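Trainee: Quick one, fold the following:
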Amino acid sequence: MSERHNRRSPYTIDVVLLTQIKGQLDVLLCRAPPPEGREKWALPWETPRNDESLDGAARRIAKAALGAEPGWLEQIAAFGDGKRHPGDFEISVAFGALVAMGTPSPVGGSYAWFPLGDVPQLFPRQRQMLDGAMSMVRSRMDQEPVAFGLLPQMFTLTELQQTYELLLEKRLHKASFRRALQAAWLVEPIDEWRSEGRGRPAQLYRYAPRKRRPAQRGIRLDLAAAR
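Mentor: Next up is the predicted model:
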């Protein structure tokens, strides 16, 4: 996060970066510059550069924080309700982003991942952004395959199901989930296997949506709910 603000911009770009670590959803936060008051941590944010698009600014900010671009990024909304922001700007445009698990942690002491159940106190406007990001991701899951943004390039079907369960906050029926996954034509197996503990190694898959499909939809999770 840059401490130098382009005052010619009337708004900020704030990015909610989410990943999964040890079976939990985590958000990336940065130490807020003094005087921080009670809010010692903040979402990564900056003002856009001259002639920079909203998406371009969000990707730049995310890459600066992570060292790599997120797998999925989308605008959430604009926030300008008078709630406190670390830069004291009147308007902020927030983006939500999903980061593949296993992505190396940011180098240095400014950034840290926090489980969503243990997030420190944020500036009120940024707290709204975090809540908005989670609502948006969950609402989009039945429309497009956003969950793959949290997965590495190769994964097992168990890891995929656990990712959906993590985002939905509910258990899914294994057989039903795999039937729904097969009907969605979103993954293909590769000739590699990985041990997941006892029993036979699990085959690895990759995200490879069928090109002939008219649209990339999400998995029909109504068919996969736990019984």
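Trainee: shaky segments in this structure?
Mentor: 1-8, 35-37, 107-108, 211-227 (pLDDT under 70).
Trainee: change it to 50
Mentor: Scanning the chain for pLDDT under 50 picks out the ranges 2-7, 223.
Trainee: At the geometric centre of it, which residue do we find?
Mentor: Leu98 (2.3 Å; Cα atoms, centre = their mean).
Trainee: buried residues in the longest helix that the chain contains?
Mentor: If you go by DSSP state H, the chain has its longest helix at helix 124-140. Across helix 124-140, burial judged by 16 or more other Cβ atoms under 10 Å covers Arg125, Gln126, Arg127, Gln128, Met129, Leu130, Gly132, Ala133, Met134, Met136, Val137, Arg140. In this view, the C-beta of every residue, glycine as well, is placed from N, C-alpha and C.
Trainee: going on from it, what's the next piece of helix or strand?
Mentor: helix 157-168 (DSSP states H and E).
Trainee: elements contacting that next one?
Mentor: In this structure, helix 157-168 packs against strand 24-31, helix 124-140, helix 174-184, strand 202-207, with contacts taken as 3 or more Cβ pairs under 8 Å, 6 or more residues apart in numbering; DSSP states H and E.
Trainee: Now tabulate these in TSV and tack on distance to Lys40.
Mentor: What follows is those, written out as TSV (distance: least, Cβ to Cβ, whole Å):
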stretch	distance to Lys40
strand 24-31	7
helix 124-140	13
helix 174-184	40
strand 202-207	37
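Trainee: Nearest to Gln153 among the ones you listed would be which one?
Mentor: strand 202-207 (6.0 Å; Cβ to Cβ).
Trainee: just checking, what packs against the closest one?
Mentor: By 3+ Cβ pairs under 8 Å, 6+ apart, strand 202-207 packs against helix 157-168, strand 187-194.
Trainee: can we see that at 7 Å?
Mentor: strand 187-194 (3 or more Cβ pairs under 7 Å, 6 or more residues apart in numbering; DSSP states H and E).
Trainee: buried stuff in the longest strand along the chain?
Mentor: Longest strand in the chain, counting residues (DSSP state E): strand 11-21. By neighbour count with 16+ other Cβ under 10 Å, strand 11-21 contains the buried residues Tyr11, Thr12, Ile13, Asp14, Val15, Val16, Leu17, Leu18, Thr19, Gln20.
Trainee: Next, count neighbours for the residue nearest to the fourth one when sequence neighbours are not counted.
Mentor: If I follow you right, that is Asp14. Nearest residue to Asp14, sequence neighbours excluded (Cβ to Cβ, 6 or more residues apart in numbering): Trp45, at 4.2 Å. If you count neighbours by other Cβ atoms under 10 Å, Trp45 ends up with 27.
Trainee: Next, the contact list for Trp45, please.
Mentor: Trp45 makes contacts with Met1, Thr12, Ile13, Asp14, Ile61, Pro86, Gly87, as judged by Cβ atoms under 7 Å, 6 or more residues apart in numbering.
Trainee: Identify the residues contacting the fifth one.
Mentor: What that stands for is Ile61. Residues counted as contacts of Ile61 (Cβ under 7 Å, 6+ apart) are Ile13, Val15, Pro44, Trp45, Glu46.
Trainee: Of those residues, which is the nearest to Val187?
Mentor: For those, the nearest to Val187 is Val15 (27.7 Å; Cβ to Cβ).
Trainee: For the closest one, list the residues it contacts.
Mentor: Leu43, Pro44, Ala58, Ile61, Ala62, Phe95, Ala97.
Trainee: quick one on the thing from earlier: now flag whichever of the buried residues of helix 124-140 is closest to Gly67.
Mentor: Among the buried residues of helix 124-140, and counting by Cβ to Cβ, the member closest to Gly67 is Ala133, at 20.6 Å.
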